[in-house]
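**Q** Compute the structure for the input listed below.
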Amino acid sequence: MAAAVVADGDLAADRLRDAVRAALGRAAVPRVLVAVPAIPLRGIGKPDRTAVVQTLSAQVDPRG
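**A** Next up is the predicted model:
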């Protein structure tokens, strides 16, 4: 599992993973975090999930 993250400054991956684990449980913790400048949006202002998946696919090695 991967997550796109908009970070202000330094991406604190361990702190982010700990927060996700505490709020949503161990199964929801992303293995890969990809820093992006902004989440792509659709014309109506909602996140463009397809564009996020494409961004993650381009930056994450499928072999793990």
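**Q** quick one: secondary structure of Ala51?
**A** The three-state assignment at Ala51 reads helix, by DSSP: H, G, I helix; E, B strand; the rest coil.
**Q** Give me the neighbour count for it.
**A** 14 (other CB atoms under 10 Å). (C-beta placed from N, C-alpha, C; glycine too.)
**Q** Which strands or helices does the strand or helix carrying Asp18 pack on?
**A** According to DSSP states H and E, Asp18 maps onto helix 13-24. Secondary-structure packing of helix 13-24 (3 or more CB pairs under 8 Å, 6 or more residues apart in numbering; DSSP states H and E): strand 32-35.
**Q** Now do the strand it packs on: distance to the chain's middle.
**A** 5 Å (CA atoms, centre = their mean, to the nearest Å).
**Q** and it, which strands flank it?
**A** strand 2-5 (parallel) (DSSP bridges).
**Q** Can you pull out the residues in contact with the partner strand?
**A** Applying CB atoms under 8 Å, 6 or more residues apart in numbering, the external contacts of strand 2-5 come out as 11, 16, 30-36, 39, 52, 55-56, 60.
**Q** tell me which residues of it are tucked away?
**A** Neighbour counts over strand 2-5 (16 or more other CB atoms under 10 Å) mark 2-4 as buried.
**Q** Sketch out the low-pLDDT regions of the protein for me.
**A** For the chain, the stretches with pLDDT under 70 are 60-64.
**Q** Just give me the closest of the buried residues of strand 2-5 to Val20.
**A** Among the buried residues of strand 2-5, Ala3 lies closest to Val20 (CB to CB), at 8.3 Å.
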